[in-house]
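Enquirer: I need the structure of the sequence given here:
(chains A and B, ligands or ions: 3)
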Amino acid sequence: MYETNYHRASSVEEAVKLMGAAAEGKYLSGGMTLIPTMKQRLAAPTDLVDLRHIAEMKGIAVDGRSVRIGAATTHEEVAASAALAAVCPALCGLASRIGDPHVRHMGTIGGSIANNDPAADYPAAMLALDATIVTDRREIKAGDFFTGLFETAIENGEIVTAVRFEAPARAAYQKFANPASRYAMAGVFVARRDDGAVRVAVTGAGADGVFRHPGLEAALAANWSPDAVANVTIDASALLSDLHASAAYRANLVKVLAKRAVAAA
Amino acid sequence: MAKITMTVNGRQVSGSCDDRTLLVHFIRENLGLTGTHVGCDTTQCGACVVHMDGQSVKSCSILAVQAAGSSITTIEGLAANGELHPVQAAFKAHHGLQCGFCTPGMVMTAVDIIRRHGSGLDEATVRAELEGNICRCTGYHNIVQAVLAAAAGMGGARQAAE
Ligand SMILES: Cc1cc2nc3c(=O)[nH]c(=O)nc-3n(C[C@H](O)[C@H](O)[C@H](O)COP(=O)(O)OP(=O)(O)OC[C@H]3O[C@@H](n4cnc5c(N)ncnc54)[C@H](O)[C@@H]3O)c2cc1C
Ligand code: FES
Ligand code: FES
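Expert: Numbers count the residues shown, from 1 in each chain, chains lettered A, B, ... in the order given. Ligands and ions are numbered 1, 2, ... in the order given. Take a look at the predicted model:
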């Protein structure tokens, strides 16, 4: 790892100020992506601003069906939240299957969505739940937030402070985990509102990162059942091909996982 | 250079290190506690697992400065009064180790699993929870048996104490 300077912030305001003073700084949350990347010398920030001790960025608040999760909340805290499980158990289940217990004790929801790894789990949930990403300076709809592979709408120095969403009537997430890394080779999050509106988001499979699938959404809005998925065509041309799976294989996975998700929701 | 203080195995320790120094190196080199191992150095194998403020973490993927002010438990901190911790004793009784390289991380992980799940653990849960710990020798069978036995024994001990 190259040399770096560590700073610990105790408020969002202080973090922004510390970042402003840094030459080429990076925010450090759980570090479960950033530290391994720095060890490989693929990232070399001059300064790290640690967000893990900012109280206002932690915790889960559930008010009726409105959910707010602080960006520095760990995967383990999301997985184990009884209040969240009462309104959106799908998100607890998703968090409980990220990586391994040690990664879940450190890794955070804010770090995961800011990183926008094309195989990460949370981006699919944020898109399907129509979540709002709250930063230190504005609010961004998930649909506008995830802009490509490892790309988001966040500007230099901007901090994700929380995510907010209304819990849907039904939701479920199913992933086909890479047997070695446990990241999603494909993951499908389905959510259905009380008024029958459906959103389906796919991670792990898109050549351009997480995406919604209008064909699956229309079919499931018309008929919320695993059978409805059978006639939907998943176009493989926009999907990822790599040593783990071809695009055609991933297209089939998306269909299978969508069926399983609807059955589980 | 950072000057940091933390509690390690119940004792307050201070030391100087680079901001980029990993917690595992601080523990091994500054504190001389070499029970915590580095297996992969890429956040995969779990040989470096310690507890930070009561939770299992991979110390090869945390900076020592991130851990400043926290309470760390390493494998050296488990045994009390010359008696093996029940999880260590169960690994011995069930032959849950061969070369022993993965064992400190396995034991620290097992203690954390039992903390979260209690004595109601089943085999499938133990296997899922060992996702972040790799063993090249045992084939995991005896490790899983050791964790289950320790969980049952510790649950029993807790009941007896109540
Ligand atoms: C062995 C292993 C297995 C894993 N398996 C999975 C898996 O199955 N599924 C999955 O989804 N992920 C997986 N991950 C990744 C894990 O979920 C990470 O925790 C997550 O991707 C990043 O979160 P973090 O809090 O650790 O962020 P960090 O590593 O601290 O930061 C990641 C990036 O986001 C930026 N950042 C962090 N927080 C903020 C913020 N609040 N505002 C703005 N920018 C910010 C940082 O500057 C950095 O660029 C795995 C990781 C490991 C090591
Ligand atoms: S040495 Fe830390 S996970 Fe392998
Ligand atoms: S006993 Fe040798 S690696 Fe596990």
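Enquirer: surely residue A:173 is in a helix?
Expert: No - Residue A:173: not assigned to a helix; according to DSSP: H, G, I helix; E, B strand; the rest coil it is strand.
Enquirer: what's around it, how many residues?
Expert: 29 (other C-beta atoms under 10 Å in any protein chain shown). (Each C-beta comes from the backbone N, C-alpha and C, glycine too.)
Enquirer: which single residue of chain A ends up nearest ligand 2?
Expert: residue A:102 (7.7 Å; C-beta to the nearest ligand atom).
Enquirer: contacting residues around residue 145?
Expert: You didn't say which chain, so I picked chain A. A:113, A:126, A:133, A:152-154 (C-beta atoms under 8 Å, 6 or more residues apart in numbering or on different chains).
Enquirer: that was the other one, I meant chain B.
Expert: Residue B:145 neighbours (C-beta under 8 Å, 6+ apart): B:94, B:96.
Enquirer: if we can go back for a sec, confirm the residue of chain A closest to ligand 2 sits in a strand?
Expert: No - Residue A:102 is assigned helix when assessed by three-state DSSP, not a strand.
Enquirer: burial measure for it, as a count.
Expert: Around residue A:102 there are 30 residues (other C-beta under 10 Å).
Enquirer: about what we covered before: filter the contacts of residue A:145 to the buried ones?
Expert: A:113, A:126, A:133, A:152, A:154 (16 or more other C-beta atoms under 10 Å in any protein chain shown).
Enquirer: between those, which sits nearest ligand 3?
Expert: residue A:113 (35.3 Å).
Enquirer: tell me the confidence at the residue nearest to the closest one when sequence neighbours are not counted?
Expert: Leaving out its chain neighbours, the residue that sits closest to residue A:113 by C-beta to C-beta, 6 or more residues apart in numbering or on different chains is residue A:122, at 5.4 Å. pLDDT recorded at residue A:122 is 98.
Enquirer: please confirm that residue A:133 is located within a strand.
Expert: Yes - counting by three-state DSSP, residue A:133 is part of a strand.
Enquirer: so what pLDDT did it get?
Expert: So, for residue A:133, pLDDT stands at 98.
Enquirer: about what we covered before: closest to chain B among the contacts of residue A:145?
Expert: Relative to chain B, the closest of these is residue A:113; by C-beta to the nearest C-beta it sits at 19.6 Å.
Enquirer: so the closest one sits in a strand?
Expert: No - under three-state DSSP, residue A:113 sits outside any strand and is assigned helix.
Enquirer: flag every residue of the stretch 1-150 of chain A that's near ligand 3.
Expert: Within the stretch 1-150 of chain A, no position is near ligand 3 by C-beta under 6 Å from any ligand atom.
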